[in-house]
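1. what would the 3D arrangement of this be:
(chains A, B, C and D)
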Protein chains: 2
Amino acid sequence: MERRERADAARNRRAILAAAEELLREHPPEEVSVERVAVAAGVGKGTVFHRFGSRIGLMQELMSERAHALEQAVVDGPPPLGPGAPAGERLVAFLDAVVAMAARNAGLIAAHEHARLTQKAGGGTRLANPIYVSWHRHVSALIAEARPDVDADLAAHVLLGTLHTQPIGSLLLSGESARVAATLGDLARGLLGDAGGPLRGT
Amino acid sequence: MERRERADAARNRRAILAAAEELLREHPPEEVSVERVAVAAGVGKGTVFHRFGSRIGLMQELMSERAHALEQAVVDGPPPLGPGAPAGERLVAFLDAVVAMAARNAGLIAAHEHARLTQKAGGGTRLANPIYVSWHRHVSALIAEARPDVDADLAAHVLLGTLHTQPIGSLLLSGESARVAATLGDLARGLLGDAGGPLRGT
DNA sequence: ATATTAACTGGACCAAAGGTTCACTTACGA
DNA sequence: TCGTAAGTGAACCTTTGGTCCAGTTAATAT
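-> Model (predicted):
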């Protein structure tokens, strides 16, 4: 018979995630070692690795929790985020939503990036991050739909990759996410050849 | 009297730089430890740190060598890279040149990024990298000149930060720099509201 | 209730890498 | 030739991601 997760394991898993979340909210990622998370959660280091495989695994689990809501809104939700609106509008709406999410989790994103670079295996492509992949696919598809003549795949990497970048990361941390959303919107509209151009607000 | 660099020190410095360059050309950055560079250069690890201060210091020295030529072309050289051409043209020309340089040194850029994330101090902003700062200032100024209404500072970060991003990095490594240059050009032209829009080639 | 078992646990342990120390050596000016 | 500041490099330190494994325990079968 299929055994489900043991009660104690589930409790510890939640304790670890909560501890990591809290530590990342109050400390820069490079100060949040796996061991420290384990201590804060009241478990041994081995347990953390047993459950999450690696530092990256832990970060990814945290990311997934957060990304799930956005994912649903895109697939099922009402326009302009969900299906139904024109591609251009959906793209801008999605970028807004992603920036908002990134702003709320700037520390976590930085930590994930930190973990990725710290790891040994060179194979640690960002394409191994399922969340990034799904976001990229979405943005890329929207761009291609609106402008079949541009390199949608690459443009999507530029727009999304920005969020993993340090100068933008610190802006998000300092609460200037509106600027980031506006600029990404300008770039996207410009790329799609929107007649209004990058002028915003006017 | 002012003493200049000792002959043996100069010899070792060049040996270290050459060894690092060679190793980075043939191995992914996370496999090129400072110690390995030292061994390849035939010196002790302490010497490397004495000369360059840290892993980042070493990488930055290598970058500077490469960036110097481009710097000159921008300040002194003929248009459209140098002064004289309209801002929009200078911007596109500069992005082309930067992408070309990044393509030639993709391994080095990845290594620098790797070093930055590995270091302890949280203060390791990218703004501590003088080359990035000068590039950013240039791009930002050009954008502001052409379109005073957009957030030039941030747009410049998006355009340049892209080059430090992993998906784009691997494209550069695999020789697809033309795509990268084209897409950055599309984005820049779109942002500047160029009538031609992002259509290229047509 | 008891036995069985597979999953869970956690602290000791390991290796890699950046960085520091310091006694020793050496190039260079006087 | 001599004094010295600069240069050198091997041993050592520390941190951290990750592994090991012997002991523990929750869930299931009898």
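
2. ok, is the helix or strand bottoming out on mean pLDDT in chain A in contact with chain B or not?
-> Least confident helix or strand of chain A, by mean pLDDT, DSSP states H and E, is helix A:106-118 with a mean of 81. Yes: using C-beta under 8 Å from any C-beta of the partner chain, helix A:106-118 comes into contact with chain B via A:113-114, A:116-118. For every residue, glycine as well, the C-beta is placed using N, CA and C.

3. quick check, nearest of the residues you listed to A:Ala20?
-> Nearest to A:Ala20, judged by C-beta to C-beta, of those is A:His114 at 13.0 Å.

4. might one say that that closest one is in contact with A:Pro29?
-> Yes: if you go by C-beta atoms under 8 Å, A:His114 and A:Pro29 touch, sitting 4.4 Å apart.

5. looking at those two, which one has more neighbours?
-> A:Pro29 (22 against 19; other C-beta atoms under 10 Å in any protein chain shown).

6. any idea how far the more buried one is from DNA strand D?
-> Going from A:Pro29 to DNA strand D by C-beta to the nearest atom of the strand, to the nearest Å gives 9 Å.

7. any idea how far that residue is from A:Ala181?
-> 23 Å (C-beta to C-beta, to the nearest Å).

8. would you map the strands across chain A?
-> In chain A, no strands are defined using DSSP state E.

9. quick one: low-confidence ranges for it?
-> For chain A, residues meeting the criterion pLDDT under 70 lie at A:1-3, A:118-127, A:194-202.

10. quick revisit: just want the angle from the least confident helix or strand of chain A to helix B:106-118.
-> Here helix A:106-118 points in a direction 130 degrees away from that of helix B:106-118 (axes from the mean of the first three to the mean of the last three C-alpha atoms, to 10 degrees).

11. what's next to helix A:106-118, contact-wise?
-> Residues from elsewhere that reach helix A:106-118, judged by C-beta atoms under 8 Å, 6 or more residues apart in numbering or on different chains: A:21, A:24-25, A:28-30, A:32, A:54-56, A:59-60, A:62-63, A:66, A:102, A:124, A:126, A:129, A:163-164, A:166, A:169, A:172-173, B:113-114, B:117-118, B:166.

12. so what's the gap between stretch A:74-81 and the chain middle?
-> Distance of stretch A:74-81 from the chain centroid (C-alpha atoms, centre = their mean, to the nearest Å) equals 18 Å.

13. the least confident helix or strand of chain A: how far from the chain's middle?
-> The chain centre lies 10 Å from the centre of helix A:106-118; the measure is C-alpha atoms, centre = their mean.
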